[in-house]
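K.L.:
got a predicted structure plus its sequence, pasted below:
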Amino acid sequence: MVNYESIYPGVQYTTNLPSYYTQPMSYRENIERLGMAVDPRTANQLGELNLKLNPGVKVIEIQGISPEILESIPEQHLDEMKRLAKLTGVKPTFHGPLIEPSGIGREGWKEETRFGTEQQMESAVLRAHKLDPEGNIPVTFHSTSELPPLEPHIMVTGKEGKREKIQQGLYIIDESKGEIGQIRPEKRYLEEGKFTGEEIEFGAKKELERRNKEVWTEGLSQSNRMADFGEDALKAVREKYPDIYSKGKIDLTLVDEKERDKIAEVQRAINHGQIYLRDSWRNLRNLFDRAWVGANQEEKKKLRKFAEDVTPRITKDFETDPKKIEDLRKAVDEGIRTLSEIEAPKIYKPLDEFVVEKSSQTFANVAEKAYNKYGLKAPIVSIENPPASSQGLSTAEELKKLITTSREKLAKNLVEHKGLSGSEAKNIAEKMIGATWDVGHINLLRKKGYTEKEIVEQTKIIAPYVKHVHLSDNFGLDHTELPMGMGNVPLKEMMGELKKAGFKGKEIIEAGNWWQYFADKGGGNPFRPTIEAFDSPIYAMSEGPRWSQTWYGSYFSGHGPVNPPVHHTIYGAGFQTLPVELGGEIPGGERGRFAGGGGE
């Protein structure tokens, strides 16, 4: 197999070089700022660390991406990795498990799932601290894990050449039930107040408001229909058999045999009406609970008055005692009237807002626990943008909102629980929670119609929050992770925006596809093609020599022909300069005695 390096080991061919050897990327970076993520497929991260130190990497990201693999890393290995990193001068970073911080799972949202996720993330942060107890080791978590884009859209060129975001729907959630749904674009032509005959532009938030009104109205209508059915049944009994109705339930064994059938029939009619009223009441109670959560002050006054009026009448047998049918009927009537005056509550919420609310709670709690244990030396909770074409909270705007909300909650917790001042708590929150910006992940917005300029603009938006960078290349259409220089990620422009905002963190080469497809098949370590693409200086000093110079430079520059014969003559490392008795050149001959011929 012909690999990217050479046909034969130790021999370099100019015709076999990738373009970035002769034409490196315009972005240059010193090796001391570059790091590498080790192979995430094994729990033997200690062995990976030891192996990946060989190329001289000074920053290495330990991988705990899989929760199962993370739990399989022995505690003793963490101690040994700390010792090895300190011995070699390597700075460790850590990638936490890919788990959903909001608590959403296959069965919808559950608080117990969110709490369990928080416990896993807390464990990852506290264990990562062992790798670098004296520094603020960045621990990366994804903003979401396998959640789809929560507000699907594409970017297109619209009228007069302007770029427009076209909504493709909206994911929503009923928090009370934890159920997730989706609003898809529908063609609509009739709008309140006007009709033009043209299709109305889809608006996700407008459709959400419509959905909430429809659900609320249908709930009230359902209670009203059941109340009407019950009232009709009871009214017929009251008018035809007022004596039997007023007595409630009658023991048929004490009734004359001739009257039993009639009384039994009347009681069945009463039960029938009572069941309808009971169902109406139960539905009203659910509507009341939903209305109370989102009600404003004025609406809560109305709801409270209704609840205080009806509560004394609600007893254990309120729904089943025939003598209390009138109380039940009045409670239903009053409930329907009161709830009809309430504005439709937000039964469904945009899923993106809900996820930010719950995930920020998780991140803030994890950071608070780390601060409580390690103070200013606590690890940094660094939230990463996931692949933009397929996962939620992946744009700069979404990630920024999640980070700012997480910081606000952490600061509030520190003020309430630790007694810190507002400004001190804010400074700590800004230090402890930031972003890991994956340049390859955001490049996947190309699949949604984003231009290179718009992708660079995304980096500009998030730049003030970035504490850590993941480097991976792709072509913007699928989630591949190649060494930089092998795709079309506009890295120079992106890193330029980050450094303008003061970024001084580490840049981690995260070449997962390289490990999967090329590393064991002649591709070697992804660190080398990346620094060659960057044309990085060979040594820590920035003035050079650079990797692009090594292909045509002399051997002392650190690369080039392996074991050149001239060294054996110049430095006496071969047999040529030895006495003939010891195997040196025979005068007049072409070979030494140890060369296979020409000697005695």
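P.N.:
Good, I have the coordinates. Numbers count the residues shown, from 1 in each chain.

K.L.:
name the SS class of the nearest residue in space to Arg127 that is not next to it in sequence, please.
P.N.:
Once flanking residues are discounted, Arg127 sits nearest to Leu78: 6.2 Å by Cβ to Cβ, 6 or more residues apart in numbering. Placement of C-beta: from N, CA and C, glycine included. With DSSP: H, G, I helix; E, B strand; the rest coil as the basis, Leu78 sits in helix.

K.L.:
pLDDT weak spots in the stretch 451-600 of the chain?
P.N.:
Across the stretch 451-600 of the chain, residues meeting the criterion (pLDDT under 70) sit at 522, 538-544, 547-600.

K.L.:
now do the strands in it.
P.N.:
Secondary structure of the stretch 451-600 of the chain, counting by DSSP state E, counting those that start in this stretch: strands at 466-471, 507-509.

K.L.:
center of this structure - which residue?
P.N.:
Thr144 (1.8 Å; Cα atoms, centre = their mean).

K.L.:
might you report the residue contacts of it?
P.N.:
Glu100, Pro101, Ser102, Val355, Ser359, Pro386, Gln391, Gly392, Leu393, Ser394 (Cβ atoms under 8 Å, 6 or more residues apart in numbering).

K.L.:
that one and Asp243, how far apart?
P.N.:
Using Cβ to Cβ, to the nearest Å, one gets 67 Å for the distance from Thr144 to Asp243.

K.L.:
thinking Ile347 is in contact with Arg290, fair?
P.N.:
Yes. If you go by Cβ atoms under 8 Å, Ile347 and Arg290 touch, sitting 5.6 Å apart.

K.L.:
overlap of the contact sets of those two?
P.N.:
With Cβ under 8 Å, 6+ apart, Ile347 and Arg290 have common neighbours Ser176.

K.L.:
can you tell me the closest non-neighbouring residue to Asp79?
P.N.:
Nearest non-adjacent residue to Asp79, counting by Cβ to Cβ, 6+ apart: Lys130, 6.7 Å away.

K.L.:
neighbours of that neighbour, how many?
P.N.:
16 (other Cβ atoms under 10 Å).

K.L.:
next up, the contacts around it.
P.N.:
Taking Cβ under 8 Å, 6+ apart as the criterion, Lys130 is in contact with Glu75, Leu78, Asp79, Lys82.

K.L.:
ok, Pro149 next?
P.N.:
Shown in contact with Pro149 (Cβ under 8 Å, 6+ apart): Ser389, Ser390, Gln391, Gly392, Ser394.

K.L.:
do that again at 10 Å, thanks
P.N.:
Residues near Pro149 by Cβ atoms under 10 Å, 6 or more residues apart in numbering: 168-169, 171, 352, 386, 388-395, 398, 448.

K.L.:
what of Gly103?
P.N.:
Each residue near Gly103 by Cβ under 10 Å, 6+ apart is listed here: 109-118, 178, 355, 358-359, 361-362.

K.L.:
quick check: the gap between the residue nearest to the centre of the chain and Val125.
P.N.:
Counting by Cβ to Cβ, the gap from Thr144 to Val125 is 18 Å.

K.L.:
ok so Met155 is a strand residue?
P.N.:
Yes. Applying three-state DSSP, one finds Met155 inside a strand.

K.L.:
so Asp438 sits against Asp473, correct?
P.N.:
No. Using Cβ atoms under 10 Å, Asp438 makes no contact with Asp473, being 11.2 Å away.

K.L.:
residue ranges of each domain in this protein, please.
P.N.:
As assigned by automatic domain parsing, the chain contains the domains 14-148+353-550, 207-346, 568-595.

K.L.:
which of those domains is buried the deepest?
P.N.:
domain 14-148+353-550 (a mean of 19; mean count of other Cβ atoms under 10 Å).

K.L.:
worst mean pLDDT among the domains of the chain?
P.N.:
When the domains of the chain are compared by mean pLDDT, domain 568-595 comes last with a mean of 55.

K.L.:
could you pull out the strands for the stretch 51-200 of the chain?
P.N.:
With DSSP E, counting those that start in this stretch as the criterion, the stretch 51-200 of the chain has strands spanning 59-63, 91-95, 104-105, 108-109, 138-142, 153-157, 163-167, 170-174, 179-183, 190-191, 194-195.

K.L.:
I'd like to know which elements the third one is packed against.
P.N.:
This points to strand 104-105. helix 111-129, helix 351-374 (3 or more Cβ pairs under 10 Å, 6 or more residues apart in numbering; DSSP states H and E).

K.L.:
what's the distance between Lys412 and Leu376?
P.N.:
From Lys412 to Leu376 the distance is 19 Å (Cβ to Cβ).

K.L.:
ignore the last one, Lys235
P.N.:
To Leu376, Lys235 is 74 Å away according to Cβ to Cβ.

K.L.:
over to Ile275?
P.N.:
According to Cβ to Cβ, Ile275 stands 65 Å off from Leu376.

K.L.:
return the residues in contact with Gln458.
P.N.:
Applying Cβ under 10 Å, 6+ apart to Gln458 gives the contacts 385, 388, 394-397, 399, 437, 439, 442-443, 445, 450, 494, 497.

K.L.:
right, I mislabeled it, should have said Ser390
P.N.:
Glu146, Leu147, Pro148, Pro149, His441, Leu444, Lys447, Asp478, His479.

K.L.:
what two of the residues you listed are the furthest from one another?
P.N.:
Leu147 and Asp478 (18.7 Å; Cβ to Cβ).

K.L.:
still on that earlier bit, quick check: neighbours shared by Asp438 and Asp473?
P.N.:
Glu481, Val489.

K.L.:
sorry, back to before: put together a markdown table for the contacts of Lys130, with distance to Lys301 on each row.
P.N.:
Listed next are those as a markdown table, based on distance: Cβ to Cβ, whole Å:
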| residue | distance to Lys301 |
| --- | --- |
| Glu75 | 58 |
| Leu78 | 58 |
| Asp79 | 62 |
| Lys82 | 60 |
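
K.L.:
which of the residues you listed lies closest to Asn427?
P.N.:
Lys82 (28.0 Å).

K.L.:
measure the closest one to Pro185 for me?
P.N.:
From Lys82 over to Pro185 the distance is 53 Å, taken as Cβ to Cβ.

K.L.:
Leu170 now?
P.N.:
Distance from Leu170 to Pro185, counting by Cβ to Cβ: 9 Å.
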